[in-house]
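J.: got a predicted structure here, sequence first:
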Amino acid sequence: MAAGLFQIIEEVKKARETSPVVEQLIRLELDWFDKHLPAPHRLNRTRSKGWYRRNPKGICWFKESAIDCVTRMYVLKRIAEDHGYFITVIREDRIGYIVYEDDFQAVAEPFSDTRTT
């Protein structure tokens, strides 16, 4: 399964070769997301017993209107790429079965024909 940019940037932040300046930039960007982006409370469609223990199937997608979020993700993307990661940006109209949504993002379990990598 492919990792998301937030997962990758945490790896970059912890890497020994990451300079203190880059680490500080990452922290500033992540702090902004912590302050402005709500954390989804669900990543699965199921509500059956033990749903919280299941592997999450949902993928987080930014809405087109979330310009500040997307701009900051491109900053993180460049940092990750500068540290040897290859990041693919995916735009998709049919993201799947929505399990969470707010003003900035939607979490969806993908349809079988939804591009995810």
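T.: Sure thing, it's come through.
J.: what are the boundaries of the helices in this protein?
T.: 5-14, 20-36, 67-82 (DSSP state H).
J.: closest to residue 109 out of these?
T.: Evaluated with Cβ to Cβ, the helices of the chain place helix 5-14 nearest to residue 109, the distance being 18.5 Å. Heads up, the C-betas are built off the backbone N, CA and C, glycines and all.
J.: got the buried residues for the closest one?
T.: Buried residues in helix 5-14, counted by 16 or more other Cβ atoms under 10 Å: 5, 8, 9, 12, 13.
J.: which residues touch the last one?
T.: Same thing as residue 13. 23, 26, 27, 30 (Cβ atoms under 8 Å, 6 or more residues apart in numbering).
J.: what pLDDT does the model give residue 111?
T.: Note for residue 111: predicted pLDDT of 89.
J.: how close does it get to residue 7?
T.: 23 Å (Cβ to Cβ, to the nearest Å).
J.: among the helices of the chain, which comes closest to residue 61?
T.: With Cβ to Cβ, the closest approach to residue 61 among those belongs to helix 67-82: 10.7 Å.
J.: low-confidence bits of the protein, can you list those?
T.: Along the chain, the model assigns pLDDT under 70 to residues 1, 45-56.
J.: residues touching residue 19, list them.
T.: Contacts of residue 19 by Cβ under 8 Å, 6+ apart: none found.
J.: do that again at 10 Å, thanks
T.: Residues near residue 19 by Cβ atoms under 10 Å, 6 or more residues apart in numbering: residue 25.
J.: ok, residue 81 next?
T.: 8, 12, 87.
J.: run the last query once more with 7 Å
T.: Each residue near residue 81 by Cβ atoms under 7 Å, 6 or more residues apart in numbering is listed here: residue 87.
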